[in-house]
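K.L.:
here is my input; please provide its structure:
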Amino acid sequence: MEAVRRHRVAELLGSQAAGLDLPDEIRQPIADLRAVSRRALMVQVLETGRLTGLLAGAGIASLAIKGPALAVQTTGDPAARGSGDIDLLVDPDQVQQAHQVLLDSGWSLRPGYDIAPGTWAWRHVMGAFNALTYDGPGSAVDLHWRLDPTLDALPVFAEAWERRVPVDLGGVVVDTLSRADLLGHASLHAAKDSWRWMRSLVDVHRIAADPATWDRSWSRDPLRRLEVSTLAVTRFVVGLPGGVPAEVLARLDQVPASVLLRAVAAQERPTAAENPFPGSESVRLLRYMLEASPTPRDLRHSAVSTMLPVKSVLGVDAKSAWSGVPLTLWARVRRLQVRSVAWAKRSPSAEIDTMIRSRP
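P.N.:
A predicted model of the protein is given here:
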């Protein structure tokens, strides 16, 4: 049950409980998880409709991504992935306006995300990152202005909007990503998290099962490097459906075994270490960004994003980079010192116990 919760697959296993012949002591807790998730999903769908309506009323175009929209596209059932935060994608030029709409409608930036339009920190986050999280009385919202932390790995908003498709979440109709964009987004999202969540691999499996996924010109629209890696990890961990083209399977055979083993290791590590090695998250993100998009401008973008990560600029209210960057670098050094001391004083035995408890 700990693995079911961690990998967010209660909906998947619950729908197949009879065929899997799950014992009652497992089947009932999964059913309880599904019941809680479905109640939360009803609120999520209603809130998604309310949010997209508020943004549209302010002249802001938005796409509902992941969540129930992806579930409908891959299974026909908005509850097939469970519930979670609401993910919305807007044009980068309209983020500040969307930010104000959320604030005026009862949402607020999640505690710790202390930035405001007009500051250097806000401009830096808009350029270096791709989403901010807002909490409201009925839902949490991830407001995205890019599909990925990189600049060039995935389509920009204008391209995704041009190809958008409507989906019915059960009485609430929203616009979302087209079939052409689903595999890339799902694959890179899974890779960014080091393939640690089983639900992300199930998403890729379901997308790969749709023949429309492979209706593409390989010369004009080849698979991205991390699409290939994610498909290989999916095949290794949960399998792939029939219908995947032979030329794609041939490319999966070329993915090193080290990538597959790295994915399995990530699935067995604690989801959040109490005292992680200083800088480990920055290094992981840098590795992802370099693998996702090695274009010249993304190389520069990756360096800046790693040197000045989002968490290091929060709370910096300087108006210009001349004062903001020194303050941020000083805060980063202080944070590194604190985390280094905490890491050095960690309890190895406690860390081992955490790892054992978190193993699927």
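
K.L.:
all helices for the stretch 1-150 of the chain, in order.
P.N.:
2-7, 10-15, 17-20, 24-57, 67-75, 95-104, 120-128 (DSSP state H, counting those that start in this stretch).

K.L.:
for the stretch 201-350 of the chain, that is, sorry about that
P.N.:
Under DSSP H, counting those that start in this stretch, the stretch 201-350 of the chain gives helices at 225-237, 246-252, 257-268, 280-292, 296-307, 310-313, 321-344, 348-358.

K.L.:
mean confidence for the longest one?
P.N.:
Per-residue pLDDT values over helix 321-344 give a mean of 64.

K.L.:
again with the shortest one
P.N.:
For helix 310-313, the mean pLDDT works out to 74.

K.L.:
quick one: buried residues of it?
P.N.:
310, 312-313 (16 or more other Cβ atoms under 10 Å). (Each C-beta comes from the backbone N, C-alpha and C, glycine too.)

K.L.:
looking at the residues you listed, which is nearest residue 124?
P.N.:
Checking these against residue 124 by Cβ to Cβ gives residue 313 as the nearest, at 5.3 Å.

K.L.:
now for the nearest residue to that closest one once chain neighbours are set aside, how many residues are close by?
P.N.:
Closest residue in space to residue 313, ignoring its immediate chain neighbours: residue 121 at 4.2 Å, by Cβ to Cβ, 6 or more residues apart in numbering. Counted with other Cβ atoms under 10 Å, the neighbours of residue 121 add up to 24.

K.L.:
in three-state terms, label residue 175 for me.
P.N.:
Judged by DSSP: H, G, I helix; E, B strand; the rest coil, the three-state class of residue 175 is strand.

K.L.:
got a list of what it touches?
P.N.:
52, 61-64, 161, 164-167 (Cβ atoms under 8 Å, 6 or more residues apart in numbering).

K.L.:
if you set the cut-off to 10 Å instead, what comes out?
P.N.:
Contacts for residue 175 (Cβ atoms under 10 Å, 6 or more residues apart in numbering) come out as 52, 56, 61-65, 69, 89, 160-161, 164-167.

K.L.:
try residue 237
P.N.:
Here residue 237 is in contact with 195, 198, 201-202, 205, 260, 263-264, 267 (Cβ under 10 Å, 6+ apart).

K.L.:
any of the residues you listed buried? List them.
P.N.:
By 16+ other Cβ under 10 Å, these give 195, 198, 201-202, 205, 260, 263, 267 as buried.

K.L.:
so can I have TSV of the residues you listed showing distance to residue 26 and pLDDT?
P.N.:
Listed next are these as TSV, based on distance: Cβ to Cβ, whole Å; pLDDT from 0 to 100:
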residue	distance to residue 26	pLDDT
195	25	95
198	16	94
201	21	97
202	18	96
205	22	97
260	27	96
263	25	95
267	19	90
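
K.L.:
can you redo the residues you listed as a markdown table with distance to residue 98?
P.N.:
A markdown table is the format used below for these (distance: Cβ to Cβ, whole Å):
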| residue | distance to residue 98 |
| --- | --- |
| 195 | 31 |
| 198 | 32 |
| 201 | 31 |
| 202 | 30 |
| 205 | 33 |
| 260 | 39 |
| 263 | 34 |
| 267 | 34 |
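
K.L.:
between which two of the residues you listed is the distance greatest?
P.N.:
Farthest pair in those, by Cβ to Cβ: 202 and 260, 16.8 Å.
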